[in-house]
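Colleague: can't give you the sequence, but here's the structure:
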């Protein structure tokens with residue numbers, strides 16, 4: 001089974017779900033952004049998501065490629081140390097990691113970009129590392 005994402009982490013992020021954190025984690029950046037700006041669709045969407053997390057987890061597991069770079073570790077690093085680029089060092093993107101470190105996640109714009117694209121970045125890196 002291609003278990004790339006964790007239901008447990010999904011539920012932990014759901015606690016902060018009114019910010020859209022769990023939706024970004026499961027590769028749903030558009031709705032994650034909507035949740036962020038509307039406090040989880042005025043908390044109604046946030047409550048509904050409590051029951052949708054298992055299906056979001058299954059969709060993410062089917063969509064993304066498992067490999068050397070772990071999605072859960074990358075998301076934890078992005079969430080807590082993203083402005084320092086620690087997640088980029090972990091993904092072996094050393095140049096952008098240094099840039100993030102020196103510029104506060106490229107003045108937070110890079111951090112926001114990574115919220116939108118981290119799952120795809122990891123999939124690309126995992127495919128590249130597998131091919132080597």
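Modeller: That came through, no problem. Keep in mind it's a predicted model, so treat the numbers as computed, not measured.
Colleague: pretty sure residue 91 sits against residue 71.
Modeller: No - assessed by CB atoms under 8 Å, residue 91 is found out of contact with residue 71, at 10.5 Å. For the C-beta atoms, the positions are set from N, CA and C on the backbone; glycine is no exception.
Colleague: overlap in contacts, these two.
Modeller: Common contacts of residue 91 and residue 71 (CB atoms under 8 Å, 6 or more residues apart in numbering): residue 122.
Colleague: domains of this structure?
Modeller: What automatic domain parsing lists as the domains of the chain is 7-63, 71-131.
Colleague: possible to save those domains as a markdown table with mean pLDDT?
Modeller: Compiled in a markdown table, the domains of the chain are given as follows (pLDDT from 0 to 100):
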| stretch | mean pLDDT |
| --- | --- |
| domain 7-63 | 95 |
| domain 71-131 | 97 |
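Colleague: what's in contact with the lengthiest helix in the chain?
Modeller: What stands out as the longest helix in the chain, according to DSSP state H, is helix 109-131. Contact with helix 109-131 is made by 24, 27, 29, 32, 60, 63-69, 71, 74-75, 78, 82-83, 87-88, 91-93, 96, 99-100, 103, 105-106, as judged by CB under 8 Å, 6+ apart.
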